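1. Below are the sequence and a predicted model; questions follow.
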Amino acid sequence: MNNSILHTEIQNFIDAYLKADISSVLLKGTNFEAVETNEIIEQIEAKKRSEKKLATWFNAENIYFPNKLNIEQTSSEVTAKHKANLMQGDAIIDLTGGFGVDCYYFSKHFKKVTHCEINPPKLSQIVSHNYKQLGVENIETQTVDGIEYLKSLDSQFDWIYIDPSRRHDSKGKVFFLNDCLPNVPTHLDLLFKRSKNIMIKTSPLLDLSVGIGELKHVKTIHVVAVNNEVKELLWILEADFNGDIGIKTCNIKKEKEDLFSFILDEEKTTDSNYSLPLTYLYEPNSAILKSGAFNSISNQLQVSKLHKHSHLYTNATLIDFPGRTFKIEDILPYNKKEIKKRGLNKANITTRNFPETVQNIRKKFNIKDGGDLYVFFTTDLGNNKVVLITKRVTS
């Protein structure tokens, strides 16, 4: 960690080039004796990536940024705040602290937070410096391997948090927790020895059934999306818990959070209602689709599926639905003559349980992208290929 980067003239230089072409800095170089040009470029690139993702850090003075890869890998503030709201107590330890965004929000719910990070060693120094700049006093940073540090302790924690990373040599393979560092399944006994409550963050690539098979005492799985993009899975483990696993989905939007919960085993035994398209069409958000709540959402919200494999829902009365809502304007058979007759020149196209791609459909019927029409190419309960012409009702 080069403290000279924090000098006023260098901080001003970094801010001045946040919206400039980095290549111009590379060509001209800089005249700062204590800081190399590549170090300044690293700060500029990392800070630029933080503007929307980490606004608190971006807007604070004298923040030291790690390389841009650390920024890309860290939790966003919106997801860190969400997960922190799920926990509280006297003490929590983060075994894989990274840039420290999660711990920052944990500090608002716990009296003491322990942040562990070993790779690279200077990251822990950076995090400690930034906490001082942000006025946080209840986080202790440790430059250690979190698992080894936990082994050396006799103390108990209200919660343990861990965010294992995939090994590079497992890229492209099926995602297992056993492929990650730390290898959480092999350390569960140690984790439960130090806390009754464990939160594990994983990538959305992890299949829920695979994760459940590798872990034990899973109580709840949170599927977290931001603006309809699934960002992370949060696995809540509780010592000695062997009951039904709850699934909680959340799609965080600017104006509100769309929430939907169900019991995993009940999803397997619940039947959906089915119907031909009625007045309204509903498309579940990405968190619900990831969770597999296809029958539960039909049962709980009293909406009917168009087809077992379509994952589109309908009813005659408008409801507050966790996803996108449309009013059906027209229903056409998938027939070239009928579609041409309807005069679809411009539309937003979605396919669900349909044999053709959006690209092929656009080319075949000469439909441009955009406009206020939303057209769904799908299959109904009679296995007929249909075209639903709709308009958006709610966000």
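-> Structure received.
2. Export only the CA atoms of stretch 348-361, formatted as PDB.
-> The C-alpha trace of stretch 348-361 is given here as PDB (Å, rounded to 0.1, in the frame of the first residue of the first chain):
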ATOM      1  CA  ASN A 348     -40.300  -6.500 -27.800                       C
ATOM      2  CA  ILE A 349     -40.200 -10.300 -28.300                       C
ATOM      3  CA  THR A 350     -39.900 -13.000 -25.700                       C
ATOM      4  CA  THR A 351     -39.900 -16.800 -26.200                       C
ATOM      5  CA  ARG A 352     -41.000 -19.200 -23.500                       C
ATOM      6  CA  ASN A 353     -41.200 -23.000 -24.200                       C
ATOM      7  CA  PHE A 354     -41.000 -22.300 -28.000                       C
ATOM      8  CA  PRO A 355     -38.900 -24.000 -30.600                       C
ATOM      9  CA  GLU A 356     -37.600 -20.800 -32.400                       C
ATOM     10  CA  THR A 357     -35.200 -18.100 -31.200                       C
ATOM     11  CA  VAL A 358     -36.100 -14.400 -31.000                       C
ATOM     12  CA  GLN A 359     -33.500 -13.700 -33.700                       C
ATOM     13  CA  ASN A 360     -35.200 -16.200 -36.100                       C
ATOM     14  CA  ILE A 361     -38.600 -14.800 -35.400                       C
END
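3. From the chain's centroid, how far away is that stretch?
-> Distance of stretch 348-361 from its chain centroid, counting by C-alpha atoms, centre = their mean, to the nearest Å, is 26 Å.
4. Over to stretch 254-261?
-> Taking C-alpha atoms, centre = their mean, one finds stretch 254-261 lying 14 Å from the centre of the chain it belongs to.
5. start at 787 instead
-> Okay, residue one is now 787; in that scheme the one you just asked about reads as stretch 1040-1047.
6. Alpha carbons only: can I get that stretch in CSV?
-> The C-alpha trace of stretch 1040-1047 is given here as CSV (Å, rounded to 0.1, in the frame of the first residue of the first chain):
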residue,chain,number,x,y,z
LYS,A,1040,-35.1,1.2,-7.1
GLU,A,1041,-38.6,1.8,-5.9
LYS,A,1042,-39.3,-1.4,-4.0
GLU,A,1043,-38.4,-5.1,-3.3
ASP,A,1044,-40.4,-7.9,-4.8
LEU,A,1045,-40.5,-10.7,-2.3
PHE,A,1046,-41.8,-14.3,-2.6
SER,A,1047,-41.2,-17.2,-0.2
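7. Need the contact partners of that stretch.
-> Stretch 1040-1047 is contacted from outside by 1013, 1032-1037, 1071, 1073-1074, 1077, 1079, 1083, 1086, 1108-1109, 1181, using C-beta atoms under 8 Å, 6 or more residues apart in numbering. Every C-beta, even on glycine, is put in place using the N, C-alpha and C of the backbone.
8. Can I get the buried part of these as one ChimeraX selection?
-> The ChimeraX selection below is limited to those of these classed as buried (16 or more other C-beta atoms under 10 Å):
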select :1032,1033,1034,1035,1036,1037,1071,1073,1074,1077,1079,1083,1108,1109
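9. Can you list which of the contacts of stretch 1040-1047 are found in strands?
-> Residues of the contacts of stretch 1040-1047 located in strands (DSSP state E): Gly1032, Ile1033, Lys1034, Thr1035, Cys1036, Asn1037, Gly1109.
10. Next, count neighbours for Thr1137.
-> Thr1137: 17 surrounding residues under other C-beta atoms under 10 Å.
11. wait, what's in contact with the closest residue to it other than its chain neighbours?
-> Once flanking residues are discounted, Thr1137 sits nearest to Phe1163: 4.8 Å by C-beta to C-beta, 6 or more residues apart in numbering. Each residue near Phe1163 by C-beta under 8 Å, 6+ apart is listed here: Tyr1120, Ile1135, Thr1136, Thr1137, Arg1138, Phe1140, Glu1142, Ile1147, Lys1171, Val1172, Val1173.
12. same check, this time on Met787
-> The contact partners of Met787, taken as C-beta under 8 Å, 6+ apart, are Tyr850, Lys908, Gln911, Ile912, His915.
13. Can you tell me which one of those residues sits lowest on pLDDT?
-> Lowest pLDDT within the contacts of Met787 is found at Lys908 (90).
14. Excluding chain neighbours, what is closest to it?
-> Met787 (4.8 Å).
15. On the three-state scheme, the residue nearest the centre of the chain is what?
-> Taking C-alpha atoms, centre = their mean, the centroid of the chain lies closest to Lys1017, which sits 1.2 Å from it. Here Lys1017 is recorded as strand under DSSP: H, G, I helix; E, B strand; the rest coil.
16. and what of Thr900?
-> Under three-state DSSP, Thr900 comes out as strand.
17. what bridges to the closest residue to Asn1170 other than its chain neighbours?
-> Nearest non-adjacent residue to Asn1170, counting by C-beta to C-beta, 6+ apart: Pro1119, 6.8 Å away. Counting by DSSP bridges, Pro1119 is bridged to Val1172.
18. just checking, Pro1119 touches Gly1168?
-> No. With contact defined as C-beta atoms under 8 Å, Pro1119 does not count as touching Gly1168 (11.1 Å).
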